[in-house]
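Undergrad: Make a model of this:
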Amino acid sequence: MKVAQFEDPQGFCIGVQFGGQWINYTDAEAAYTSVTQRVVVEPTTTILQLLEDGRFDPVEFKGVLQFLKRHRLLQRYVVSKDAVLRAPVLRPPKIIAVGLNYALHAKEGKLAIPKEPIIFAKAGSSVIGPGEAVLLPRRLGRMDHEAELAVIIGRRASQLRKKNALSAVAGYSISNDVTARDLQSKDIGNKLPWFRSKSYDTFTPLGPWIVTADEITFPIHLKLECRVNGKVRQRANTRDMLFDVPTLIEFISRYITLEPGDIISTGTPEGIGPIKPGDTMMCRIEQIGELVNPVRAR
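TA: Numbers count the residues shown, from 1 in each chain. Purely as a prediction, here's the structure:
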């Protein structure tokens, strides 16, 4: 299932795609609970709330929506035409990104192929949603796009093994790890972390929605591409990752406790390139969708 974060004039709401249309799950779930349990509940308005409450469950989503369909109530809860897509996780507790996870990307940067995952953090405040503009600071030099598969964590997890690592995954999305390349190169030269070159406001487009984990089978072999102004810059397949999703989760959870709503951005393939104000970036991953963001000057 596809689960999206919307905002309309009344505030935030969760959308679940069902029967070819987006259903306002925030209101639908509240109505279902009122009818079946005869209690009034505070509506859940964000996907992060669902994740933190342990209720991000496609079986539960289907149960609620099928109940409303049987009672001919579903059309009451179609998402408003005024609703706008937002990042599926508005402010992730943690963003853990992976560097040099494709061999050809390491080679294009004239860097050694890593023997274990290289991980770094990005600021949660850098997240924006589909259609929102990436704002490039002035006098910062080259800035690049980086299309990546994003893993959405669904439960608290520590010390996981590869064989059960995917049990912690709620679903998958697309991230664009926008990078201030000249600043990153300077920091690498000074043996400093990558955090600041990756964490400017708007430097993590995320979306357009989450595809639940049950719909993406392992091994995860998904075509990925990035286009700038319609021209292909990156084209690869996630099967080319040096460290697959279970390996990344095992490695990260060895050192860091994963929490609901955390994002693992799994690394970008070869073909990174500069962006400038006026450009439009489109990142596409099969079975997930397209993440489109314009580029503007700050």
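Undergrad: Please give the element, helix or strand, for Thr33.
TA: If you go by DSSP states H and E, Thr33 is part of helix 25-37.
Undergrad: residues of that helix that come out buried?
TA: 25-32 (16 or more other C-beta atoms under 10 Å). Glycine gets a C-beta too; all of them are placed from N, C-alpha and C.
Undergrad: and the protein, what are its domains?
TA: With domains defined by automatic domain parsing, the chain comprises 2-86, 95-297.
Undergrad: Include mean pLDDT when you put these into a markdown table, please.
TA: Shown next, in a markdown table, are these (pLDDT from 0 to 100):
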| stretch | mean pLDDT |
| --- | --- |
| domain 2-86 | 95 |
| domain 95-297 | 97 |
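Undergrad: ok, and which of those has the densest surroundings?
TA: Burial of the domains of the chain is given as mean neighbour count (mean count of other C-beta atoms under 10 Å); domain 95-297 ranks first at a mean of 19.
Undergrad: So what would you say the end-to-end distance of that one is?
TA: In domain 95-297, first residue to last residue: 25 Å (C-alpha to C-alpha, to the nearest Å).
Undergrad: Centre of the chain to that domain, how far?
TA: 8 Å (C-alpha atoms, centre = their mean, to the nearest Å).
Undergrad: Renumber starting at 798 from here on
TA: Done: numbering now begins at 798, and the last item shifts to domain 892-1094.
Undergrad: Might you report the residue contacts of the closest residue to Ser972 other than its chain neighbours?
TA: Leaving aside its chain neighbours, Ser972 sits nearest to Ala947 (4.0 Å; criterion: C-beta to C-beta, 6 or more residues apart in numbering). Residues in contact with Ala947, defined by C-beta atoms under 8 Å, 6 or more residues apart in numbering, are 969-972, 1003, 1060-1063.
Undergrad: Can you report phi and psi for the most far-flung residue of the chain relative to its centre?
TA: Most distant residue from the mean C-alpha position of the chain: Arg835, 35.6 Å away (C-alpha atoms, centre = their mean). Backbone torsions for Arg835, taken as degrees, to the nearest 10, come to phi 60, psi 40.
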